[in-house]
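Chemist: Take this sequence and fold it.
(2 chains)
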Amino acid sequence: MAVSSSSNLLVLLLLISSLDWLSTPGSTFLMGWDHVTSSAPPEPHFTKCISRDLETFRCWWSPGNFHNLSTPGALRVFYNKKDSPTSEWKECPEYIHSNRECFFDAEHTSVWITYCMQLRSQNVTYFNEDDCFTVENIVRPDPPVSLNWTLLNVSPSGVSYDVMVNWEPPPSADVSLGWMRIEYEIQYRKTNTTNWKALKIQPHTQQTIYGLHIGTEYEVHIRCRMQAFTKFGEFSDPIFILVTEIPSKGHESTFQLTLVFVFGVVGILIVIMIIVVSQQHRLMMILLPPVPAPKIKGIDPELLKKGKLDELNLVLSGGGMGGLSTYAPDFYQDEPWVEFIEVDAENADNGEKEDNQGSDTQRLLGQPQPIIHHMNTGCSNAISFPDDDSGRASCYDPDLPDQDTLMLMATLLPGQPENVEASFDIVERAPAAEGVKQPLVQTQTGEPQTWVNTDFYAQVSNVMPSGGVVLSPGQQLRIQESSESATEEVTQKKEKEHISSEDTDQKKQKELKFQLLVVDPEGSGYTTEGNAWQISTHLSSSMPGEGYQTIHPQPVETRPAATAENNQSPYILPDSPQSQFFTPVADYTVVQEVDSQHSLLLNPPPRQSPPPCLTQHPLKALPAMPVGYITPDLLGNLSP
Amino acid sequence: MPGNIRSVSVVWVLSVCLFCSRPTSVGAAPICANAQTGCHILSLANLFDRVIQHSARMHGVSNDLHSEFEQYFLPSKNQIGRVSRNCHTSDILTPNGKENAQRMAREELTEVILKLLVAWRDPLWHFHQSIAHHHDFNNFSSNKALEMSDMVHELRKGVQKVAEKMQMLGIISNSVSGLASHEASLPSGSAEWRLMKDYELLYCFRRDSNKVQNYLKILKCRIMPEHGC
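Modeler: Okay, the predicted model is just below:
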C-alpha cells in the first residue's frame, strides 16, 4: 500500500519534473516516500539529481525565495564523496549556470559511493541530509529510440489486429557492455483519450500489442528503467498506429471457400448415409446374400435348428403325427430352391382313412398295431403352417374341440349305445361335413377291444423332455380280456411302453398326476378322484351302457381313506389291483359331483356296474344330465 | 522457493557442465587440448547467463526488502538511508565506475566478485535469523531474507565454477585463488557487521549485490561479447 502510494508519488514527481525540466522552483527535490510537499522550501535547495547512464550525473538547484541569490555564482555547489572516512567537501566540477546545473563527468562519478550535496552562499551553508545519494539510485535512463510498429495479423472477422512494436535502447545507456540492464514499458491508448494502457515491463526491445481495433488510431510511447530499480526515465515521443479496412478479398475468399468445402463434404456424407440407411436391405442382399437353409421335405425347418434333434429324430422315425411327406406341397410351394430330402418313412400315403398302419399312439409307442388308424391327414391338412410343436405329436386341430365336444356330448347322454352310436354318427358326420378327412372311429361295437384300437384321438397328456409322449391311458389300454390280469398286463405293458420311451419314475408320477384312469371297479361305476386333477376319460361308447368308466386312481400320496376303495376298485395304476375288466377311458368326462370322500363322481353307466358292493356310494348325479358342464362355447356346437 | 530452485538448478547445471567438460567424460564434447579460447565457449556463455540471472534475481530481492524496510521504518529520498557506519565490505577495493571496471583485469574482477560474495554469507544468515524472530516482519519478509541468504551462497558457488572453467579454458590465469583463501582473506575476528543494524545490513547488501551484478555482466561481455551483450 505504501509502495503504491510511493510509486504514485514518484509518477507525480516525474510529471512535475518533466513539466519543470529546465528550471523552475517549486518542486521538491526528489520527494521521498512520505514527503509530499507541494511547495518548495524557501531556502536554496537542490531540485533534482539525475544520472542517465550510470557514468555521469547532474544536479539542479534553486535559490528558493532568496532572489538575491539567484544571480549566477551567488550559490556554490559542494559535494562530499564518502569513499573514505576522511572525505572533504569539494566544489562542483562543472557549472552550467544557465541551468543552475552542476555536471559531474565520468571521472568525478563513482557508483556505489554516497554523494552528499550542499549549497553554499557567502556565509551560509544550506545542507539537507536527504540530498545524499548513490549514483545507481538516481539513474533515470533516456527513453528508447527508433520506436516503430509492424502489422502482425488481422483477425478473420476483420475487426481486430495485432501489431509488433520494436525499438532501440537509448544510446546513452551502455547496454552492449552490460553496464546497464534496462527494462521497458510500453503504454498505448486510443488517440484523444486519457487513459493509458500499460503493458508488462520486460527487458526485450520488442513487444506485441494485441487486440487493436481496425479503423481506430492508437498512440504508443515507451519508457525504461534500470532493472531492479524503481525510477523510470521519461517517455519517448508517441507514435501513431492506424490500420484501416483491408479489403482482403483473398483472405476472405479463402475463408469462404473453406466454409463451402466443409459444408459440402458434410452434406455429401449425410446424403450417403441416407442412401445407405434407406437401401439397407437391398444392400444387404447384394453384399451379404442369404444362405439357403437346409430343408428336409416334410419337416418343419424349425426342427433343423440347433437343439431340436430329438424332435427331428422323432419325426424322422415316423412316430409323429406329421407325416414326412405331407408338408411338402404345402410348405414349400413358394420356395423353389428348397430341395426336399426324401426320407424313407412309413407314412408315405396320404389321406387314407383306413390303412393298415398302426394307430398313432401305437406308432408313437413303437408297438405293432393291429388296427391302425391315423389322423395324420386330418391334422396335416388342418394346419396350414407348422407351429412349434415338436414332433407333430400334439397335432393341434382347430376342429378338435368340436369333435371332442361332440364326443363329449355322446358320452354325456345316458349311456345308450344307440345314442352313442348316433352320437358317433354325428361325430362322423361332423368332421366329414367340414370337409376334413376325418377318419372316424369305426368300431362301435360293444367290444372294447375294437374300441380301444380305434384311437380316434390320441390325447397326449404330456410330452416328456426326452421326447416321449404320455398318452391317455384309455387308449393305450388293450382290452383283450376283461380280467384283472389283463389289465395288469396292460398296465404293465403300458408301463413297459412308457419305460421304453422314457423314464419310468417320471412316467409313473406323471401318469398318476395327469391321468384319471377310468376303470370300472367291477362295474361299480364309481369314480373317485385321487390326486389326479385332470380327468382324462375317454368315451366308452362302444360299451353299451358304459358311457363312463370309473376310476379309482391310486393316490400316491397316502390317503388312508382311499385304501378301502383301492382294494375294491381296480386301478390301472401299477400298484393297484386290476379290475375285472376295464373299459376304455374317455378323454373328457363330466364330473358330476364330489362325494363325501372327496372323490369325483362321474356319470357312470348304470347298467354295466356289476358288483353292488360299491353301490354304497350313492350316485346322486347318475341320472342327471351334465348340463352344467357344458360351457357356453360348447353350447353353440351342440345345437343340432 | 524459486530462488532456491534456481540456485539448485544453477549448481546442477554447473556441475553437469563441469562434468561434461572434463576431458575424461564420455560424450561428444570436444576436448580442448591447447586451452583454446574457442573451446566450450557456448557452455561458458550458458554458465555466465545463469550466474548473471541469478545475481539479478538476488539484487531484486534485496531491493524489495530494502524498500519494505524503508516504507516501514526509514522513509528517505534516494534510498539513502541513515547509515551510521560504512559497510563492512568497504575494505574490499571495488571499481566504482565503468572505466575502472573495464580497466581491471579479469582475474581481479573475478576475485572481487568472489570476495564480495564470501563476505556476505554470514551476515545475511544472521540477518535472516533476526528477521525471523522479529515480530514486526511478516513471513514474506522472512522468506525473502532466507532466499537472499541462500542465493548468496549459491551464487558464490556458481561464480567459483565459472572461475574454474575460465581458468581451465585459459581465459584467465590461475591466480584466482579458491574459496579457502577468500575466507581467510577476511579480517579475522572482524565482526563489523554484527554491529550493524538490520537496515544498514540491507542497505549495504543492496549496494553490493548491484556491484556483483554489474561486475559479472562486464566480465561476461568482455569475455564473450557476442552473446547477448
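
Chemist: which residues touch B:Ser90?
Modeler: Contact analysis of B:Ser90 by C-beta atoms under 8 Å, 6 or more residues apart in numbering or on different chains lists nothing. C-beta here means a position set from N, CA and C on the backbone, and glycine is covered the same way.

Chemist: Tell me the backbone dihedrals of it, please.
Modeler: When quoted as degrees, to the nearest 10, the phi and psi of B:Ser90 stand at phi -70, psi -20.

Chemist: again, but for A:Val271
Modeler: Backbone torsions of A:Val271, given as degrees, to the nearest 10, read phi -60, psi -40.

Chemist: For chain B, which segments are assigned as helices?
Modeler: Applying DSSP state H to chain B gives helices spanning B:2-21, B:41-72, B:98-103, B:106-119, B:121-133, B:139-169, B:179-185, B:192-195, B:198-223.

Chemist: Indicate whether the fourth one makes contact with chain A.
Modeler: When you say that, I think you mean helix B:106-119. No: interface with chain A: helix B:106-119 contributes nothing (C-beta under 8 Å from any C-beta of the partner chain), its closest point being 11.0 Å away.

Chemist: before we move on, the earlier item: out of the helices of chain B, which one sits most buried?
Modeler: Stretch with highest mean neighbour count among those: helix B:198-223 (a mean of 24; mean count of other C-beta atoms under 10 Å in any protein chain shown).

Chemist: Quick check, pLDDT for the closest residue to chain A within chain B.
Modeler: In chain B, the residue that lies nearest chain A is B:Lys217 (3.3 Å; C-beta to the nearest C-beta). You'll see B:Lys217 listed with a pLDDT of 89.

Chemist: Isn't it up against B:Ile52?
Modeler: Yes: with contact defined as C-beta atoms under 8 Å, B:Lys217 counts as touching B:Ile52 (5.8 Å).

Chemist: hmm, the helix or strand where A:Asn128 lies in reach of chain B?
Modeler: Using DSSP states H and E, the element containing A:Asn128 is strand A:125-134. Yes: using C-beta under 8 Å from any C-beta, strand A:125-134 reaches chain B at A:129-134.

Chemist: Would you reformat those residues as JSON lines and include pLDDT, distance to B:Glu107 and neighbour count?
Modeler: Output for those, formatted as JSON lines (pLDDT from 0 to 100; distance: C-beta to C-beta, whole Å; neighbours: other C-beta atoms under 10 Å in any protein chain shown):
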{"residue": "A:Glu129", "pLDDT": "76", "distance to B:Glu107": "40", "neighbour count": "10"}
{"residue": "A:Asp130", "pLDDT": "76", "distance to B:Glu107": "40", "neighbour count": "20"}
{"residue": "A:Asp131", "pLDDT": "81", "distance to B:Glu107": "38", "neighbour count": "23"}
{"residue": "A:Cys132", "pLDDT": "85", "distance to B:Glu107": "34", "neighbour count": "22"}
{"residue": "A:Phe133", "pLDDT": "87", "distance to B:Glu107": "32", "neighbour count": "22"}
{"residue": "A:Thr134", "pLDDT": "87", "distance to B:Glu107": "27", "neighbour count": "23"}
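
Chemist: how about the nearest residue to A:Phe103, chain neighbours excluded?
Modeler: Once flanking residues are discounted, A:Phe103 sits nearest to A:Glu94: 4.3 Å by C-beta to C-beta, 6 or more residues apart in numbering or on different chains.

Chemist: ugh, wrong one, B:Gln53
Modeler: Per C-beta to C-beta, 6+ apart, closest to B:Gln53 is B:Arg6, 7.6 Å.
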